[in-house]
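J.: Give me a 3D structure for the following:
(one chain, ligands or ions: 1)
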Amino acid sequence: MPARLIDGKAIAESTRADIARRVGEFTARTGVRPCLVAVLTGDDPASAVYVKNKHTACEQAGFGTRVIRLPAQATQQELLDTVAGLNADPTVHGILVQLPLPSHLSAQPVLDAVHPLKDVDCFHPENVGRLAQGRARFLPCTPAGVQRLLGAAGVETSGRHVVVLGRSDIVGKPLALMLMQRGPGANATVTVCHSQTRNLPGLTQTADILVAAIGVPRFVTAEMVAPGATVIDVGINRVDGRLVGDVDFGPVCEVAGAITPVPGGVGPMTITLLLENTLTAARLQVG
Ligand code: GUN
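T.: Below you'll find the model as predicted:
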């Protein structure tokens, strides 16, 4: 029987409606409109689309929002000065520096410069440290989106074996931390696989929940998936002008118990969690 589809678009829509309601309440109570500013450096077309989608989602949910565009030749200092200006601006509650940066710039010093209370990506070392200790201020958007999807789809994580493909700082590493924590939507046994992992199919076949976040189109084949497993596809790859995930969707559907599509799975949830974090940031700063 083909896998049940986990509809990220629908789950994101209902979550965003709830966030919009809470933004309205917050603004009515405090007189402050939570505001996200995105910094887009250079001309990467995919980044421009992502930033536009974030901007539109903010507007639709009642947030204030702005995009600061810096040229591809911007210097490290210009970027740091831009972040410093946003840190000092009390009308800005969340700062998002869109990645990747042009290759002559270093991302880490810029991400480290974002004020920890405005760090809606959860990339600042203070916030990553808090996440690792189980006292998170913000949850990183894509991993939190995956966790919310699992919860909304009624997929149990407690005591289950989650195999995460990919050890990136944005997805694999923080997702593993979050799912192994004590608490609801977590308590999993987590294995993180990467380019040096031996016998990858042997490991993935033991997964109750398999998360693909490696950025290789259709990497996960049906033979790698246990019958009935839940498959979460974080990949967004452009192949011949089409978006495809890290999972070979058609054949894997025949084996898995539940699966997220690309597009319409994890992607809409990432933006949703960015909205959630921006509201949290405003609450932290406005009191
Ligand atoms: N580029 C791709 N994903 C992300 C993300 O989650 N945050 C930022 N800032 N840039 C990205």
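J.: The stretch 151-287 of the chain: strands as residue ranges?
T.: Assignment of strands within the stretch 151-287 of the chain using DSSP state E, counting those that start in this stretch yields the ranges 161-165, 189-193, 209-212, 230-233, 237-239, 242-244, 258-259.
J.: residue in the protein nearest to the ligand?
T.: Among all residues of the chain, residue 99 sits closest to the ligand, at 3.7 Å; criterion: Cβ to the nearest ligand atom. In this view, the C-beta of every residue, glycine as well, is placed from N, C-alpha and C.
J.: Compare the strands of the stretch 151-287 of the chain and give me the one nearest residue 177.
T.: Each of the strands of the stretch 151-287 of the chain was checked against residue 177 via Cβ to Cβ, and the shortest separation belongs to strand 189-193, namely 8.5 Å.
J.: Give me the phi and psi for residue 115.
T.: In terms of degrees, to the nearest 10, the main-chain angles of residue 115 are phi -60, psi 130.
J.: Isn't residue 109 up against residue 84?
T.: No - using Cβ atoms under 8 Å, residue 109 and residue 84 do not qualify as a contacting pair, with a distance of 12.0 Å.
J.: For the closest residue to residue 219 other than its chain neighbours, give me its contacts.
T.: Counting by Cβ to Cβ, 6 or more residues apart in numbering, residue 246 is the residue found nearest to residue 219 once chain neighbours are left out, at 5.0 Å. Residues near residue 246 by Cβ atoms under 8 Å, 6 or more residues apart in numbering: 165, 212-220, 233-235, 237.
J.: so the closest residue to residue 146 other than its chain neighbours bridges to which residues?
T.: Residue nearest to residue 146 in three dimensions, not counting chain neighbours: residue 232, with 5.5 Å by Cβ to Cβ, 6+ apart. The partner list for residue 232 in beta bridges (DSSP bridges) reads residue 211.
J.: Show me the helices in the stretch 151-287 of the chain, by range?
T.: Assigned by DSSP state H, counting those that start in this stretch, the helices in the stretch 151-287 of the chain fall at 172-180, 200-204, 249-253, 266-286.
J.: Which of these sits closest to residue 4?
T.: For the helices of the stretch 151-287 of the chain, proximity to residue 4 was assessed by Cβ to Cβ; helix 249-253 is nearest, at 9.6 Å.
J.: Next, the buried residues of stretch 169-183.
T.: Neighbour counts over stretch 169-183 (16 or more other Cβ atoms under 10 Å) mark 170-181 as buried.
J.: same question, stretch 112-132
T.: Neighbour-count burial for stretch 112-132 flags 112-124, 127-128, 130-131 (criterion: 16+ other Cβ under 10 Å).
J.: Quickly find the element holding residue 80.
T.: Here residue 80 sits within helix 76-88, counting by DSSP states H and E.
J.: can you redo the helices of the stretch 151-287 of the chain as TSV with distance to residue 61?
T.: Converted to TSV, the helices of the stretch 151-287 of the chain look like this (distance: least, Cβ to Cβ, whole Å):
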stretch	distance to residue 61
helix 172-180	24
helix 200-204	36
helix 249-253	30
helix 266-286	5
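J.: For the ones you listed, give me a markdown table that also has mean pLDDT.
T.: A markdown table is the format used below for the helices of the stretch 151-287 of the chain (pLDDT from 0 to 100):
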| stretch | mean pLDDT |
| --- | --- |
| helix 172-180 | 98 |
| helix 200-204 | 98 |
| helix 249-253 | 98 |
| helix 266-286 | 98 |
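J.: Generate CSV for those helices, with distance to the ligand as supplementary columns.
T.: Formatted as CSV, the entries for the helices of the stretch 151-287 of the chain read as follows, by distance: least, Cβ to the nearest ligand atom, whole Å:
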stretch, distance to the ligand
helix 172-180, 11
helix 200-204, 24
helix 249-253, 21
helix 266-286, 6
